[in-house]
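Colleague: A structural model of the following input is requested.
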Amino acid sequence: MYARRLARVLLALLCDHYETVSAGVVQAPWQTAFVRLGDHCLTCPTCRVMDDEGANLGLPCETHDRLYDAYREAWTRARVAHRRPAEASA
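Modeller: Modelled structure (predicted):
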């Protein structure tokens, strides 16, 4: 159930991503990293393995870990960059 819901959310996000790209809008680095992570999770056989009840087994995947770390770093950089102008004006 959870995997299906996650897949729907990621598919909606990826559809938005492709609409954005086709419109010529530039994405932030954290958005690009998230889309890469989503693309991987939707297509990787290791990441998609489920038990008999449909729950994801959470098997280790080096590519997932690398993409997730890249996404977290990009998100952290974006948050820090967003906070700096507010701190400078205070």
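
Colleague: can you list the weak-confidence ranges in this protein?
Modeller: Along the chain, the parts satisfying pLDDT under 70 run over 1-3, 16-25, 84-90.

Colleague: Could you look up the SS state of the spatially most central residue of it?
Modeller: The C-alpha lying nearest the average C-alpha coordinate of the chain belongs to residue 34 (Cα atoms, centre = their mean; 2.6 Å). Remark: residue 34 carries the secondary structure label helix [criterion: DSSP: H, G, I helix; E, B strand; the rest coil].

Colleague: so who does it touch?
Modeller: Contacts were defined as Cβ atoms under 8 Å, 6 or more residues apart in numbering; by that measure residue 34 touches 13, 71, 75. From N, CA and C alone the C-beta is placed, and that goes for glycine too.

Colleague: Against residue 49, how distant is it?
Modeller: 22 Å (Cβ to Cβ, to the nearest Å).

Colleague: go on, residue 26?
Modeller: Applying Cβ to Cβ, one obtains 35 Å for the distance of residue 26 from residue 49.

Colleague: Quick check on these two: which one has the bigger neighbour count.
Modeller: For the pair residue 26 and residue 49, the greater number of neighbours falls to residue 49 (13 against 8), based on other Cβ atoms under 10 Å.
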